[in-house]
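Q: sequence and predicted model, in that order:
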Amino acid sequence: MPSNWRQLIPTADAYWMNRILFDIHHREDHLERYKQDPDAYMAGIPLAAELKRAIRDNDIGAMYLAGVNPYLLRAHCLGLHIPEPVFVQAMREAGKQEEA
């Protein structure tokens with residue numbers, strides 16, 4: 001799958017994943033709704049189940065490789081108190097996958 005940040009036009013999947021992360025951390029009450037039931041929060045979003053699962057499970061590498069903006073991804077990790085070393089390691093591993 002081609003990487004979103006190397007495409008001239010972002011994929012629809014990348015748009016929706018970025019939109020979810022933006023809304024969770026920038027719209028009032030969205031973070032709490034997401035924390036209560038991530039699957040219900042994303043129910044109406046037109047994303048494949050594996051991409052919703054990546055968001056729900058905080059699979060940083062999968063989100064990055066699917067085209068999530070790294071700044072939004074970092075904000076998501078901060079908002080959910082995911083430790084810095086976990087974020088950095090996941091990004092390094094994703095980078096290795098991208099090179100392969």
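A: That came through fine.
Q: the lowest-mean-pLDDT helix or strand in the chain - contacts with which helices or strands?
A: Lowest on mean pLDDT, DSSP states H and E among the helices and strands of the chain sits helix 84-99, with a mean of 88. Counting contacts by 3 or more CB pairs under 8 Å, 6 or more residues apart in numbering; DSSP states H and E, helix 84-99 packs against helix 60-65, helix 70-79. All C-beta atoms are positioned from the backbone trio N, CA, C, and that covers glycine.
Q: got those as JSON lines, with mean pLDDT columns?
A: Formatted as JSON lines, these follow (pLDDT from 0 to 100):
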{"stretch": "helix 60-65", "mean pLDDT": "93"}
{"stretch": "helix 70-79", "mean pLDDT": "93"}
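Q: tabulate those in TSV, adding columns for distance to E28 and mean neighbour count.
A: Output for these, formatted as TSV (distance: least, CB to CB, whole Å; neighbours: other CB atoms under 10 Å):
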stretch	distance to E28	mean neighbour count
helix 60-65	23	22
helix 70-79	13	17
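Q: among the ones you listed, which is nearest T11?
A: helix 60-65 (11.8 Å; CB to CB).
Q: what's the nearest residue to N58 if we skip its chain neighbours?
A: I82 (6.2 Å; CB to CB, 6 or more residues apart in numbering).
Q: on that earlier part again, quick one: the helices and strands packed on helix 84-99 as TSV, columns for distance to H25 too.
A: Shown next, in TSV, are those (distance: least, CB to CB, whole Å):
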stretch	distance to H25
helix 60-65	14
helix 70-79	5
